[in-house]
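Participant: Generate coordinates for the sequence data below:
(chains A and B, ligands or ions: 2)
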Amino acid sequence: MTVDYSALGQRKVGRRRLLGYLVAAPTLAVAVRLASDANVPGHALTIPTPGLPADVFDLSDSQNYAAKPTAHLIWMEIREDGTVHFALPRTEVGQGIVTSTAMIIADELDVPLQDVHVTLADSRPELVMNQLTGGSNTTMSTYYPIRTAAAIARGALLEAAGLMLGGLTPTALHTDNGAVVAPDGRRIPYGDLAKDAAVDQTTEVEADLKPATDLKLVGTTVGRTDARAAVTGAKQFAMDIEVPNALPTMVCKPPTIKGTVRSVRNQAAVLEMPGVTHVAIIPTGVAVRARTFGQCIDAVRALDVDWAPGEIGSDSDEDVLARIRKAEIPMAVPEVPLLAKTVDTDFTFAFASNAPLDPDCAVADVRTGSAEIWASLKVPIVAQQELAEALGFPMDKVTVHVVQGGGSFGRRLFTDAAMDAALASQAMGAPVRLMWHRADACRQGRVHPMSTSRVRATVLGNDVLTYEQRHTSGRTDFGHGFGDIITASAAKLPVGDYSISQFIYLLTTGAHYNFGATTSLLDELTDRKLNTGAMRNIYSPNVAVARELTVDKIARTIGKDPYQFRRGHIRNDRLRTVLDRVAEAGRWGRSMPRHHGQGLGIHSEYHGHSACLVEIDASPATVNRDVRKAVTGPRVTKVVFAVDVGLVINRSGLKAQMMGGIMDAIAIVLTSSLHLKDGNFLEASWDNYAYTRQWNVPFDIEIHLVDSGIEEPGGAGEFGVPAAAAAVANAYWAATGNMPTHFPVNHSAPLHYEPYPYNPPVPPSPTSGLDHVK
Amino acid sequence: MPTHTFRVNGETVRVDVENDVRLLWVLRDILGVRGPKYGCGINVCKACTSHINGKAFNPCAVPVGDLRPEDEVTTIEGLADTVEGDGLHPMQDAWIEHDVAQCGYCQPGQIMAAVDLVRRVKEEGRAISDADLDTLRNICRCGTYPRIRDAIRSGSEKM
Ligand code: FES
Ligand code: FES
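Facilitator: Residues are numbered from 1 along each chain as shown, chains lettered A, B, ... in the order given. Ligands and ions are numbered 1, 2, ... in the order given. Predicted coordinates:
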């Protein structure tokens, strides 16, 4: 069974003409629609029947499509000092979109990179669903609109320069490094043209984008535009912003998940504590405002609260797993020839934390009748709606400023901390700089749900006749608008009646191999006892681990080399190319010492393809190495990763995203999970939740960017995780001789820490800092 | 309320605050020095790493009352001034050269820890090894670790 990919992989385009506007303004201003029609799959796209929906129309298309009817304008402005200004309606959380956006503008406009100032737009409700940062979709959805705006600006500058030079036609001129250049070599800086190029009346114009061969910056290696700010401490996150009188505020959170306050027994005494200015009950706990966060921590610990319990009762991991098992739909018994062998696999994935290092936090200044919020929010419009509703204000009385975030990984899709801040500020009648303690981020923050993934394949000779994957998961909360975007486009897709979760699953899960009749489906629990949310790349990492381990098992069953077996069955040439690259560069099949192993994994998504080869050391000396209060275990020693995302904007930025994904992959397979025990998560800080640390990092990591000549950018922010996770799992199998079935592999090992108490909800601040100075 | 005198990034500061408030909050909330970041408050994530008298420490775990007037606290903001010339510290340059930062939140602490690690290794007359790099406890949730390792190696050559 094969699919015709001619409509897909080969989306080559020639020179593009796109529409936009010259906008009436004192200096040159340009506007374009954010969702350029050219970048949205049209009705002409043919839907091949045998593949899974994601093969032809993935999550990113769905977002683009949903954005289409509601897209509104974005502006670019050129000032008299020659600088270019653009407020990106997306959220930078480390993925590098501010830098890549500046590169795209600088390239199309011929202006020095440092003259391009990209900021993050405040919440703009009129953009409806077009101000959401998720699904690794930023570059795909903004690349052509931003280039169009820059091209229109460039055209207007050429025209203005022609007039200034006494009526030369723009075609006689060219642009270079922030100036228009005349045939005789005279240069007019853009700044000198900014006023002349402005128009009094907004007019529609067509722009010619540069041909791909003229792009000089796009596709090169550029350091982040905020690199200097990051290394000097000048880069500001939400808790660094100075808002007058916004004092530190923390919330005393319940000792159980989703518990609620009945009453506070010692409010007056806590108000007397040093530095404390306010104590107020809010829906998620008791907020305390003080001169310093240290004094907030002390006050939170001193609060004596009568708590009502949450809904999870005394459930532990086993209870949730039992519910998932109950919800599992039996695998089909395929009708295959009698001689066919059945390969069954069954994997369990523990709860995981999507918390970034920059904690859940927000600044809020709520006055009578209006509010201003500063936070790193990936769906600011939904945040604005929810905050307005909770505060009892009309939406236009709430201003939401989007701040760069210190990571997201799924956490900043939600509004939880901004909600706490807004309600605390309202209750106290004072501005607040509200931050969750790390313990709250772990225990009260959103978790990636536990899941199981089962696969049944039937094999006859060298052929796989059927492949069925059933992923069963705790409920993933998509109540942040992301789901709405997806379902808005539901009617246009070749799939039946699915829930939001099932929809997202279908759109992110493609068929990677020619395995005969292929199905991959999701079933989710529906209870809301826990605070859940997606973690980087949603379902794909776990789905890929299950799929790729099963592929290795099939290969072993029929006595084939896992690389050759994959090669022979891969459906897509670009995917085969990245696989070949890692096999060659990583010297697949080289002889490894005892207790060492190699493993492979592949994954396609976001119109891109990736493959990974991992080497792991599971020798007793390595596994048992001792690092104080830490998880050691097997160590990934080498990673070779190859990725083809289509058009690359910034090579350094893309490699950084893959690198981060690989570090996440090592964590989810080998070391990091949350343990639910008697109704609570045990983990309360980074010494408990074992995200990858330096002692887990591979010594050797190679990332190959493979160019397949595609001129369209794909998605990258989450793409590093699944192939790498699968390769780590397969390498672990090769090194230990046992196929891992529970993830992370150390989840049921004895804990490496003593859990912190639940009441008070945050640990005391230590005093021994100077004793550790070496 | 007691008054505390100590030095921050080359200048003497006087702060009126209770003895037991941890230095991280005195720096961030009272003095407005916000390069050192909060990531845990219990001396495990190392996001707040700064230097005291030239050696790494974690101000989230030090009561301000423990500081003496002659103690010199250096945060990321003051690191460049600890070396000659107008430029950045060689470790900061190495960070830029290797394009290490992603979100950047952990990086002030990473750089301060890296400078201290190189100092200690050099005092032992050695070159930085993988084993030395493995001792760094700073979390980077964006996973920039491999570039951190590369940057420390090249930064150490210029220190
Ligand atoms: S905040 Fe100081 S070590 Fe984490
Ligand atoms: S760069 Fe984001 S936490 Fe390190």
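Participant: in what helix or strand does the closest residue to B:E72 other than its chain neighbours lie?
Facilitator: Of all residues not flanking B:E72 in the chain, B:R7 sits nearest, at 4.5 Å (C-beta to C-beta, 6 or more residues apart in numbering or on different chains). Heads up, the C-betas are built off the backbone N, CA and C, glycines and all. Applying DSSP states H and E as the criterion places B:R7 in strand B:3-8.
Participant: What is the three-state secondary structure of the residue of chain A found nearest ligand 2?
Facilitator: For chain A and ligand 2, the shortest gap (C-beta to the nearest ligand atom) falls at A:L357, measuring 4.1 Å. At A:L357 the chain is in coil, as set by DSSP: H, G, I helix; E, B strand; the rest coil.
Participant: how about the residue lying closest to it once chain neighbours are set aside, what does it touch?
Facilitator: Excluding the flanking residues, the one nearest A:L357 by C-beta to C-beta, 6+ apart is B:R141, at 4.4 Å. For B:R141, the contact set (C-beta atoms under 8 Å, 6 or more residues apart in numbering or on different chains) comprises A:355-357, A:407, A:409, A:691, B:105-106.
Participant: Run a quick neighbour tally on the closest residue to A:A269 other than its chain neighbours.
Facilitator: Nearest non-adjacent residue to A:A269, counting by C-beta to C-beta, 6+ apart: A:A302, 7.4 Å away. Close neighbours of A:A302, defined as other C-beta atoms under 10 Å in any protein chain shown, add up to 15.
Participant: Flag every residue of chain B that's near ligand 2.
Facilitator: B:101-107, B:140-142, B:144 (C-beta under 6 Å from any ligand atom).
Participant: coming back round to it: which strands or helices does the very next helix or strand once past the strand holding B:R7 pack on?
Facilitator: The C-terminal neighbour of strand B:3-8 among helices and strands, as given by DSSP H and E, is strand B:11-16. Packing partners of strand B:11-16 (3 or more C-beta pairs under 8 Å, 6 or more residues apart in numbering or on different chains; DSSP states H and E): strand B:3-8.
Participant: Show me which residues of the stretch 251-400 of chain A sit near chain B.
Facilitator: By C-beta under 8 Å from any C-beta of the partner chain, the residues of the stretch 251-400 of chain A that approach chain B are A:274-275, A:291-295, A:297-298, A:355-359.
Participant: Domain parsing of chain A, as residue ranges.
Facilitator: A:17-232, A:238-311+A:360-435, A:317-352+A:446-743 (automatic domain parsing).
Participant: In CSV, list the ones you listed along with distance to ligand 2 and mean pLDDT.
Facilitator: Converted to CSV, the domains of chain A look like this (distance: least, C-beta to the nearest ligand atom, whole Å; pLDDT from 0 to 100):
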stretch, distance to ligand 2, mean pLDDT
domain A:17-232, 5, 82
domain A:238-311+A:360-435, 5, 96
domain A:317-352+A:446-743, 8, 91
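Participant: Nearest to B:T74, out of these?
Facilitator: Closest approach to B:T74 among these is made by domain A:17-232 (12.9 Å; C-beta to C-beta).
Participant: tell me how far the ends of the closest one are from each other?
Facilitator: 43 Å (C-alpha to C-alpha, to the nearest Å).
Participant: near chain B, anything from that domain?
Facilitator: Yes: using C-beta under 8 Å from any C-beta, domain A:17-232 reaches chain B at A:93-96, A:221, A:223-224, A:226-232.
Participant: Report the separation between the residue nearest to A:A269 and B:G104.
Facilitator: To B:G104, A:A302 is 34 Å away according to C-beta to C-beta, to the nearest Å.
Participant: who's B:T74 bridged to?
Facilitator: Counting by DSSP bridges, B:T74 forms beta bridges with B:H51.
Participant: I figured it was touching B:S50, is that so?
Facilitator: Yes: between B:T74 and B:S50 there is a contact under C-beta atoms under 8 Å: 6.2 Å.
Participant: shared neighbours, the two?
Facilitator: B:M112.
Participant: coming back round to it: how close does the residue nearest to A:L357 get to B:A47?
Facilitator: Per C-beta to C-beta, B:R141 is found 10 Å from B:A47.
Participant: residues shared between the contacts of those two?
Facilitator: With C-beta under 8 Å, 6+ apart as the test, B:R141 and B:A47 both reach A:357, B:105-106.
Participant: Please enumerate the helices of chain B.
Facilitator: Ranges of helices in chain B, per DSSP state H, are B:23-25, B:76-79, B:90-97, B:107-123, B:130-134, B:145-158.
Participant: Kindly report the same for the stretch 101-250 of chain A.
Facilitator: A:138-164, A:190-193, A:227-232 (DSSP state H, counting those that start in this stretch).
Participant: which residues touch the second one?
Facilitator: Here helix A:190-193 makes contact (C-beta under 8 Å, 6+ apart) with A:28, A:78-84, A:111, A:157, A:160-161, A:164, A:178-180.
Participant: Put the alpha carbons of that helix into CSV.
Facilitator: Provided in CSV are the C-alpha atoms of helix A:190-193 (Å, rounded to 0.1, in the frame of the first residue of the first chain):
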residue,chain,number,x,y,z
TYR,A,190,16.5,54.0,4.7
GLY,A,191,16.1,56.4,7.6
ASP,A,192,16.3,59.4,5.2
LEU,A,193,13.6,57.8,3.1
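Participant: Not counting its neighbours along the chain, what's nearest the residue in the stretch 101-250 of chain A that chain B sits nearest to?
Facilitator: Here the residue of the stretch 101-250 of chain A nearest chain B is A:G233; by C-beta to the nearest C-beta that distance is 2.5 Å. Nearest residue to A:G233 in three dimensions, chain neighbours excluded: B:G35, at 2.5 Å (C-beta to C-beta, 6+ apart).
Participant: these two touch, right, the one you found and B:T74?
Facilitator: No: using C-beta under 8 Å, B:G35 is not in contact with B:T74, being 10.2 Å away.
Participant: The two: which has the busier surroundings?
Facilitator: Shown here are B:G35 and B:T74; by other C-beta under 10 Å, B:G35 has more neighbours (25 against 22).
Participant: Stretch A:357-368 close to ligand 1?
Facilitator: No: using C-beta under 6 Å from any ligand atom, stretch A:357-368 stays clear of ligand 1, coming no nearer than 9.1 Å.
Participant: what about the residue of the stretch 1-150 of chain A found nearest ligand 1, which SS state?
Facilitator: Scanning the stretch 1-150 of chain A for the residue nearest ligand 1 gives A:G94, at 18.3 Å (criterion: C-beta to the nearest ligand atom). Here A:G94 is recorded as coil under three-state DSSP.
Participant: surely the residue of the stretch 101-250 of chain A closest to chain B meets B:C106?
Facilitator: No: look at A:G233 against B:C106 with C-beta under 8 Å: they stay out of range, at 12.0 Å.
Participant: Neighbour count for the two, which is higher?
Facilitator: B:C106 (31 against 26).
Participant: residues contacting A:V728?
Facilitator: A:V728 touches A:599, A:601, A:614, A:616, A:636, A:665-666, A:669-670, counting by C-beta under 8 Å, 6+ apart.
Participant: can I get those in a markdown table with neighbour count and secondary structure?
Facilitator: Listed next are these as a markdown table, based on neighbours: other C-beta atoms under 10 Å in any protein chain shown; DSSP: H, G, I helix; E, B strand; the rest coil:
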| residue | neighbour count | secondary structure |
| --- | --- | --- |
| A:G599 | 25 | strand |
| A:G601 | 32 | strand |
| A:V614 | 34 | strand |
| A:I616 | 33 | strand |
| A:V636 | 28 | strand |
| A:A665 | 33 | helix |
| A:I666 | 28 | helix |
| A:V669 | 30 | helix |
| A:L670 | 26 | helix |
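Participant: And these, which is closest to A:F414?
Facilitator: A:A665 (23.7 Å).
Participant: Tally up the residues packed near B:P63, please.
Facilitator: For B:P63, the count of nearby residues is 21 (other C-beta under 10 Å).
Participant: Once you drop chain neighbours, what's closest to it?
Facilitator: Of all residues not flanking B:P63 in the chain, B:D20 sits nearest, at 4.8 Å (C-beta to C-beta, 6+ apart).
Participant: Quick check: nearest residue in space to B:D29, chain neighbours excluded?
Facilitator: A:T292 (4.1 Å).
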